[in-house]
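S.K.: Please find the sequence and the predicted model below.
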Amino acid sequence: MSGSTGGGTGTKTDGRVERGNQTRRLVLGRTMDIASIEGLEGLSLGRIATELQLSKSGVFALFGSKEELQLATIRAAVAVFAEHVVTPLNDVPPGARRVRELCRNWLTYSSERVFAGGCFFYAVAAEFDARTGPVHDAVARTRLDWNAYVEGTLTEAQAVGDFAGDLDAEQLAFEVIALMEGANAQSVLLGDTRAYARAERGVTSRLRGSATEQGRGALDAADAVGGGE
């Protein structure tokens with residue numbers, strides 16, 4: 001008897017948890033798009049509840065405060081970014097091709113508007129760059145992590161002989177990120193989709209300029225497969 005009751009309670013609990021998870025995914029899907037256009041300050045529990053026709057108390061129970069909603073939105077955006085930009089590289093070995101495909105994935109992520117307002121992190125970084133507090137710190141951490149990932153990918157390519165031994169990976173990462181973000185900014189502000197092709201040419205030029213003969217061959221092969229210039 002007690003086993004039957006426990007099982008029923010467990011089923012009901014599991015059902016509530018799953019409904020809560022579904023609501024959380026629904027909310028975060030909306031907040032990521034809002035934040036990419038209006039910024040994280042455009043988020044509020046009441047607004048989200050109204051737009052998605054949810055109870056405000058239910059949304060509050062999931063997130064507790066505007067700040068937690070903002071932080072949860074950043075975490076969700078990191079997962080989406082990784083899915084589109086980083087995860088596709090899982091089967092690509094270290095080298096110039098991996099660097100090239102990483103940059104191409106980023107440009108595709110921005111140009112195809114995975115987030116409605118272009119790159120989520122570019123948008124919220126501009127919003128919180130001069131502020132302090134937990135949300136600023138979370139945004140800053142995403143930037144540091146991205147810089148480190150690009151630098152690490154370049155360093156790995158250098159280690160396998162695709163880039164020169166005196167490569168300044170930190171400098172080259174800064175330059176290719178700047179080119180990609182410049183394309184994102186111009187496209188979003190001016191509707192100029194040609195900016196992505198310009199960025200791709202610039203990235204290719206910078207990578208080739210630092211690559212060894214072996215690395216240039218890998219970049220040529222990557223561009224032939226990807227249709228790059």
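M.R.: Structure received.

S.K.: where in the protein is pLDDT low?
M.R.: Applying pLDDT under 70 to the chain picks out residues 1-13, 226-229.

S.K.: all helices for the chain, in order.
M.R.: For the chain, the helices defined by DSSP state H occupy 2-38, 45-51, 56-63, 66-81, 96-111, 120-128, 134-159, 169-190, 194-210, 213-226.

S.K.: To Pro88, which of these lies closest?
M.R.: With Cβ to Cβ as the measure, helix 96-111 is the member of those nearest Pro88 (5.9 Å). To be clear about C-beta, it is placed using only N, CA and C from the backbone, and glycine gets the same treatment.

S.K.: Only the buried residues of the closest one, if you could.
M.R.: 96-107, 109-111 (16 or more other Cβ atoms under 10 Å).

S.K.: ok, so of these, who is nearest Tyr149?
M.R.: Nearest to Tyr149 among these, with distances taken as Cβ to Cβ, is Leu102, at 8.2 Å.

S.K.: Hmm, that closest one is touching Asn90, no?
M.R.: No: using Cβ atoms under 8 Å, Leu102 is not in contact with Asn90; the gap is 11.8 Å.

S.K.: if I look at those two, which residues touch both of them?
M.R.: In terms of Cβ atoms under 8 Å, 6 or more residues apart in numbering, Leu102 and Asn90 are not both contacted by any residue.

S.K.: most neighbours per residue, which of the helices of the chain?
M.R.: Highest mean neighbour count of those: helix 96-111, a mean of 23 (counted as mean count of other Cβ atoms under 10 Å).

S.K.: give the contact list for the residue nearest in space to the middle of the chain.
M.R.: By Cα atoms, centre = their mean, the mean C-alpha position of the chain lies nearest to Phe81, the distance being 2.8 Å. By Cβ under 8 Å, 6+ apart, the residues touching Phe81 are Tyr109, Val114, Phe120, Phe121.

S.K.: and if you look at Gly29?
M.R.: Gly29 touches Ala76, counting by Cβ under 8 Å, 6+ apart.

S.K.: about what we covered before: which one among the contacts of Phe81 gets closest to Met180?
M.R.: Tyr109 (9.6 Å).

S.K.: my read: the closest one touches Phe121, true?
M.R.: No: using Cβ under 8 Å, Tyr109 is not in contact with Phe121, being 10.4 Å away.

S.K.: Could you check how far Asp162 is from Leu179?
M.R.: Separation of Asp162 from Leu179 (Cβ to Cβ, to the nearest Å) stands at 19 Å.

S.K.: Likewise for His136?
M.R.: Taken as Cβ to Cβ, the span from His136 to Leu179 is 25 Å.

S.K.: tell me, how many neighbours does the nearest residue to Gln70 once chain neighbours are set aside end up with?
M.R.: In space, and not counting its chain neighbours, Gln70 is closest to Leu40: 4.6 Å by Cβ to Cβ, 6 or more residues apart in numbering. Number of residues near Leu40 (other Cβ atoms under 10 Å) recorded here: 24.
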